[in-house]
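J.: structure for this input, please:
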Amino acid sequence: MAVNTSTVSDPIYTTVVVDTESDTTLETFNDANTTLYMIEGANPNEKAVWSRIQWAASGGATSTQHDMILYFPANSVTHYVFGGGFQILTGMRIWTSTEKGLGGGQITLKSPTSKVTLRMAFKDT
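T.: Have a look, this model is predicted:
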């Protein structure tokens, strides 16, 4: 088998943000004019967790205040790749809970026992 190597003139990612302590504490990235292409979640817990994303620069961290929920199984590393990306216009907020928070009513979010590590890949637009 032949292997070819080439230089990437237009990289897919220009910035990687790492949150080594993702829990119910809200983290905000107010970097407008960038696009999110990938999230890797390393969950060391015996229980699955859910990370919530809100496309905003401010607001509350509740079980119903989000635009996207990502599932991270117990004791695993999971990757989400967004082919077209999600353009961030004003900011991005993210937090992680052991509670799904799906359904009709708001629930109390609970932090994971061990912090989850989230790696997020962005490209400036």
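J.: OK, contacts around Met34?
T.: Residue 34: Thr, not Met. The neighbours of Thr34, taking Cβ atoms under 8 Å, 6 or more residues apart in numbering as the test, are Thr15, Gln87, Ile88, Phe122, Lys123, Asp124, Thr125. (C-beta placed from N, C-alpha, C; glycine too.)
J.: find the residue at the geometric middle of this structure.
T.: In the chain, the C-alpha closest to the average C-alpha coordinate belongs to Ile39, at a distance of 5.2 Å (Cα atoms, centre = their mean).
J.: helix, strand or coil: sort out it for me.
T.: Following DSSP: H, G, I helix; E, B strand; the rest coil, the label given to Ile39 is strand.
J.: contacts for the helix or strand bottoming out on mean pLDDT in the chain next, please.
T.: Ranked by mean pLDDT, DSSP states H and E, the helix or strand of the chain with the weakest confidence is strand 27-29, at a mean of 86. When contacts are defined by Cβ under 8 Å, 6+ apart, strand 27-29 is touched by residues Val17, Asp19, Ala57, Ser58, Ile88, Gly91, Met92, Arg93, Ile94, Trp95, Met120.
J.: run the last query once more with 10 Å
T.: Contacts made with strand 27-29 from outside it, assessed by Cβ atoms under 10 Å, 6 or more residues apart in numbering, are listed as 15, 17, 19, 21, 36, 54, 56-59, 61, 88, 91-96, 118, 120, 122.
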